[in-house]
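Give me the fold of what follows.
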Amino acid sequence: MRRTPIVLALLGALTVAGCSSSGGQAAQSAPASSAAAAAPASATYAVITHASPGDSFWDVVKNGAEAAGKQYGVKVTYQGDGDPAKQSQLIDQAVSEKVDGIVVSMANPDALKEAIGKAVTAKIPVITINSGADSSKAFGAITHVGQSEEVAGRGAGEQLKAAGVTKLLCVIHEAGNVGLDQRCKGAEQTLGGTVERLQVDVSNLADVTSKVTAKLQSDKQVNGVLALNPAVAVAARDAVKDAGSQAKLATFDLSADVVSAIKDGEILFAVDQQQYLQGYLPITFLNLYKNNLNTVGGGLPVNTGPGFVTKDNADQVAKLAEAGTR
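Residues are numbered from 1 along each chain as shown. Sure, this is the predicted structure:
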């Protein structure tokens with residue numbers, strides 16, 4: 001994906017900081033004259049996502065946000081809830097606390113529209129991340145940080161087609177998440193075969209394994225599985241084994257377990273949206289906006305992916321994933 005010069009410059013800044021004991025970025029002091037370093041210690045930015053408890057993907061987003069907070073000397077709070085109504089309440093709470101900026105993922109944009117509108121009305125800058133790019137500008141956010149899910153899905157479909165997959169099971173782990181359906185839709189456009197969706201619950205991984213196993217046993221024509229979450233990918237890997245299937249498995253997003261499975265040949269590839277940047281960059285952008293009225297993207301999303309992690313580059317990514325930054 002094309003990256004703007006300012007994004008490349010910001011990515012370059014990541015190389016000057018090492019990993020902390022928590023797997024995030026170690027605090028670094030920027031030059032005193034820089035706008036980013038000029039934030040008062042009282043600045044507070046709230047990150048509110050649709051994360052379910054224990055989801056390792058969002059742990060990396062949190063690591064990125066907290067690393068940026070340390071670097072710029074600002075307070076970053078992180079909360080997540082997979083229930084859109086409860087996520088809206090968290091946004092309302094941040095507005096009532098008069099935070100200096102809000103970062104929010106929009107898996108269900110319509111359910112969050114009113115709450116985000118209250119933040120914009122209160123003149124609190126909002127940056128959306130991960131999901132909901134199509135609604136971000138209309139809702140009044142100053143930018144969106146993430147990847148085009150449909151484009152990423154098309155890339156996944158191309159690679160699965162090259163691997164010989166003709167009937168694909170696309171495993172959706174969150175009901176109502178528009179980004180997940182876009183991933184499946186993209187894969188359908190380029191696979192050149194059949195794509196069937198299977199709804200599961202990411203909070204019940206044992207049931208994920210059971211449902212994928214049952215599908216593979218009942219439909220022998222399914223020769224490919226696309227997971228849309230790293231924890232679901234590991235559950236699907238177990239399902240492929242349990243079913244005695246030869247289906248090729250791929251996934252979206254990374255974890256240490258996924259990288260290990262790629263190295264072992266159990267997963268073909270992972271579509272990497274570099275979620276660390278979805279935490280790190282919004283805090284950077286909010287800080288620049290607060291102190292210098294800078295906006296990034298020119299009305300277009302700032303893309304953090306897609307990239308692909310395969311057996312060829314898995315060793316390089318493995319240590320970073322274990323450290324919590326990939």
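
what ranges do the strands span in this structure?
Using DSSP state E, the strands assigned to the chain run over residues 44-49, 75-80, 101-105, 126-129, 143-146, 167-172, 194-199, 224-227, 248-252, 269-272, 302-303, 307-310.

I'd like these as CSV, with mean neighbour count and mean pLDDT appended.
All C-beta spots, glycine's among them, are computed from the backbone N, C-alpha and C. Rendered in CSV, the data for the strands of the chain read as follows (neighbours: other C-beta atoms under 10 Å; pLDDT from 0 to 100):
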stretch, mean neighbour count, mean pLDDT
strand 44-49, 26, 98
strand 75-80, 18, 97
strand 101-105, 27, 98
strand 126-129, 28, 98
strand 143-146, 27, 97
strand 167-172, 24, 98
strand 194-199, 16, 97
strand 224-227, 28, 98
strand 248-252, 26, 98
strand 269-272, 25, 96
strand 302-303, 24, 96
strand 307-310, 18, 94
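
any chance of those strands in CSV, with distance to residue 65 too?
Supplementary listing: those in CSV, determined by distance: least, C-beta to C-beta, whole Å:
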stretch, distance to residue 65
strand 44-49, 5
strand 75-80, 5
strand 101-105, 7
strand 126-129, 9
strand 143-146, 11
strand 167-172, 26
strand 194-199, 30
strand 224-227, 25
strand 248-252, 20
strand 269-272, 18
strand 302-303, 15
strand 307-310, 20
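
Can you tell me which of these is nearest to residue 319?
Evaluated with C-beta to C-beta, the strands of the chain place strand 307-310 nearest to residue 319, the distance being 12.8 Å.

elements contacting that closest one?
With contacts defined as 3 or more C-beta pairs under 8 Å, 6 or more residues apart in numbering; DSSP states H and E, the secondary structure elements packing on strand 307-310 are helix 256-263, strand 269-272.

So which residues make contact with that strand?
Strand 307-310 is contacted from outside by 155, 159, 254, 259, 262, 268-274, 317, using C-beta atoms under 8 Å, 6 or more residues apart in numbering.

Now for this structure, the helix or strand with the poorest mean pLDDT.
Counting by mean pLDDT, DSSP states H and E, the chain has its least confident helix or strand at helix 5-13, which shows a mean of 45.

what does stretch 267-276 rub up against?
In contact with stretch 267-276 (C-beta under 8 Å, 6+ apart) are residues 57-58, 60-61, 63-64, 130, 146-147, 152, 155-156, 159-160, 163, 230, 233, 237, 248-254, 258-259, 261-262, 304-310, 317, 325-326.

distance between the ends of it?
Taking C-alpha to C-alpha, to the nearest Å as the measure, stretch 267-276 stretches 22 Å from start to finish.

again with stretch 260-268
For stretch 260-268, the separation between the terminal residues is 11 Å (C-alpha to C-alpha).

List the beta-bridge partners for residue 104.
As for beta bridges, residue 104 partners with residue 48, residue 128 under DSSP bridges.

what residues are up against it?
Remark: with contacts taken as C-beta under 8 Å, 6+ apart, residue 104 is in contact with 47-49, 87, 91, 112, 116, 126-129.
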